[in-house]
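Student: sharing a model prediction with you, sequence too.
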Protein chains: 2
Amino acid sequence: MALDNPTLQIPITTADKVFDRMLHAIVDGKITAGTKISEPELAKEYEISRSTLREALNRLEKCHLIERKPNVGSRVVECSIEGLLEIYVVREALEGMACRQAAEKMSDDEIAEMQAMLVQHAKSPALQDGIAYYQEEGDLDFHYKVILGSHNQQLITILCGQLYHLVRMYRIQFGMNSSRATRAFDEHSRIVEAIADRDGELAEILMRRHIAASRKNIESKIAQQLEQ
Amino acid sequence: MALDNPTLQIPITTADKVFDRMLHAIVDGKITAGTKISEPELAKEYEISRSTLREALNRLEKCHLIERKPNVGSRVVECSIEGLLEIYVVREALEGMACRQAAEKMSDDEIAEMQAMLVQHAKSPALQDGIAYYQEEGDLDFHYKVILGSHNQQLITILCGQLYHLVRMYRIQFGMNSSRATRAFDEHSRIVEAIADRDGELAEILMRRHIAASRKNIESKIAQQLEQ
DNA sequence: CCTTTATAAATTGTCGACAATTTGTTATTG
DNA sequence: CAATAACAAATTGTCGACAATTTATAAAGG
């Protein structure tokens, strides 16, 4: 499925499963941002021991979805505008570099596959209706492919394993059904061209612009919301 | 002290202390890279229960110093040349961006403080002997100041909290007493100038070059070692 | 003799209970 | 009445034991 995370292997232990459930609950806002987490309470809710719950909490902490203070407890991370902009800054740097690396490291087959994916996206009704492309599968799929294409394990872990969930959390909780659909698609196409040309420098610049544009779009949306 | 990590608060719980001890043991190579970690054995060695040890292991995993597989166990991460180069790629992207942000976000006081630090470094005997600057306090101190200057919590956490330890591990285990001392100092000076000029674009470029130069220096050192 | 299967040992995952620390409440004092 | 101090409740940290899984060893079969 489109939204699946390639770094996220199938849950094996019960702590894994609880981590998964909590992950979705937090990302989808079912556990409100900023909430204090009560270990005894949640352990009872998920019908597990506190040790197992704490194991799950440790993984949530690794994704920066909760914050822990010794002898005090855990809180679900807050969604602030500053926090969102910080993430975009990091993404601009890291995904830009990932794109440069992808241009150097991707195999011809991988590039062909990515091009085929874009063709598929072009046919999709979501894009033609001009609504869902940016928000849903298309955007995330594309960015994934690029990140994986870097063949840099550190980049992949940080972006797909850690930041990814936070990005989704912000998208959902701030309700970002962006209208940048067709525009984003065009930008993706140009990026793929640069990668296919093995032009790492251009690929990086284009990806950075793409993410910066997305950030500015969100900034103006928020400014707009504040006016009302 | 110079080598202290600003994101690393004083250890409070016993798990914290064990984490600290293991951190140093791994970074300094006293626990060999690639070693399988035996929970019962280590728990006995540190005279703690397995639960507490596992808590410490979780934190080591967050720093990418150990890798865990469910139902199998943990291993200390391996130090490969590819791994080292991957880290430099990430640093180039992130510290470059941090430098750009620092030029935009640092207060005048902070910049003055950083300039004072460089003056101090210039007087240091280590630099004048032309040996230790790059390897030790100077380089790390400078990079820290820049990262913190970005005022971006995500950047700070990723760079100072996670990558930092890995970088030190590689430096120590690959024995990098670089001869780039005076050169690195000059590069630092130019970077600070750009920050003081509030020229984020230039600051980023210079920082990226600085790290890329460091990477190339290491690459040639390794190629040299392989010849012998 | 090597491969496969069954068994035993060891290791990891999970549990419930106790200890240490923090938080909330009440009583005391200036 | 506000501020502080002492106490009580609740929460987090740590422990040792048991269950589930993996790894090592030995037996059986081709």
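Tutor: Right, received. Where do you want to start? Every value quoted in this text rests on a predicted model; they were computed, and no experiment measured them.
Student: what about the one residue sitting closest to the centre of chain A, helix or strand, and which?
Tutor: Residue closest to the average C-alpha location in chain A (C-alpha atoms, centre = their mean): A:Tyr164, at 2.8 Å. Here A:Tyr164 sits within helix A:164-173, counting by DSSP states H and E.
Student: buried residues of that helix, list them for me.
Tutor: For helix A:164-173, burial by neighbour count (16 or more other C-beta atoms under 10 Å in any protein chain shown) applies to A:164-171, A:173. To be clear about C-beta, it is placed using only N, CA and C from the backbone, and glycine gets the same treatment.
Student: OK, contacts around A:Val77?
Tutor: Residues near A:Val77 by C-beta atoms under 8 Å, 6 or more residues apart in numbering or on different chains: A:33-34, A:64-67, A:83, A:166, A:169.
Student: and the spatially closest residue to A:Ala15 that is not a sequence neighbour, which of the three is it?
Tutor: Excluding the flanking residues, the one nearest A:Ala15 by C-beta to C-beta, 6 or more residues apart in numbering or on different chains is A:Glu55, at 3.9 Å. What DSSP: H, G, I helix; E, B strand; the rest coil gives for A:Glu55 is helix.
Student: I figured A:Leu117 hits A:Leu140, correct?
Tutor: One thing to correct before we go on: residue A:117 is Met, not Leu. No: between A:Met117 and A:Leu140 there is no contact under C-beta atoms under 8 Å: 11.8 Å.
Student: among those two, which residue is more densely surrounded?
Tutor: A side-by-side neighbour count of A:Met117 and A:Leu140, using other C-beta atoms under 10 Å in any protein chain shown, places A:Leu140 first with 19 against 16.
Student: can the longest helix seen in chain A be found next to chain B?
Tutor: Determined from DSSP state H, the single longest helix within chain A is helix A:200-227. No: Helix A:200-227 lies out of reach of chain B by C-beta under 8 Å from any C-beta of the partner chain, never closer than 8.9 Å.
Student: which strands and helices sit next to the helix or strand encompassing A:Ile195?
Tutor: Element membership for A:Ile195 (DSSP H and E) is helix A:181-196. Packed against helix A:181-196, as judged by 3 or more C-beta pairs under 8 Å, 6 or more residues apart in numbering or on different chains; DSSP states H and E, are the following elements: helix A:81-105, helix A:108-123, helix A:125-128, helix A:132-135, helix A:137-149, helix A:200-227.
Student: what residues does chain A put near chain B?
Tutor: Contact residues, chain A versus chain B (C-beta under 8 Å from any C-beta): A:12-13, A:16, A:51, A:54-55, A:58, A:61-62, A:64, A:70-71, A:83, A:86-87, A:89-90, A:92-94, A:96-97, A:101, A:152-155, A:157-158, A:163.
Student: pull out the buried members of the residues you listed.
Tutor: By 16+ other C-beta under 10 Å, the residues of chain A next to chain B give A:16, A:54-55, A:58, A:61-62, A:64, A:83, A:86-87, A:89-90, A:92-94, A:96-97, A:101, A:152, A:154-155, A:157-158, A:163 as buried.
Student: out of those residues, which are close to DNA strand D?
Tutor: A:Arg54 (C-beta under 7 Å from any atom of the strand).
Student: just give the number of residues close to A:Glu39.
Tutor: Residues near A:Glu39, counting by other C-beta under 10 Å: 14.
Student: of the residues of chain A next to chain B, which are in range of DNA strand C?
Tutor: Near DNA strand C, judged by C-beta under 7 Å from any atom of the strand, the entries from the residues of chain A next to chain B are A:13, A:16, A:51, A:55, A:71.
Student: what about the last one, which SS state?
Tutor: Read it as A:Asn71. Secondary structure of A:Asn71, per three-state DSSP, is coil.
Student: same question for A:Gly175.
Tutor: Applying three-state DSSP: A:Gly175 is coil.
Student: and it, backbone torsions?
Tutor: Note on A:Gly175: backbone dihedrals following degrees, to the nearest 10 are phi 60, psi 60.
Student: measure it to A:Ile87 for me?
Tutor: To A:Ile87, A:Gly175 is 17 Å away according to C-beta to C-beta, to the nearest Å.
Student: coming back round to it: wait, what's in contact with the residue nearest to A:Ala15?
Tutor: A:13, A:15, A:19, B:54, B:58.
Student: please list all residues in contact with the last one.
Tutor: Contacts were defined as C-beta under 8 Å, 6+ apart; by that measure B:Asn58 touches A:55, A:58.
Student: and the residue lying closest to A:Glu110 once chain neighbours are set aside, how far is that from A:Gln101?
Tutor: Closest residue to A:Glu110 apart from its sequence neighbours, by C-beta to C-beta, 6+ apart: A:Gly149 at 5.9 Å. Counting by C-beta to C-beta, the gap from A:Gly149 to A:Gln101 is 8 Å.
Student: all set, thanks.
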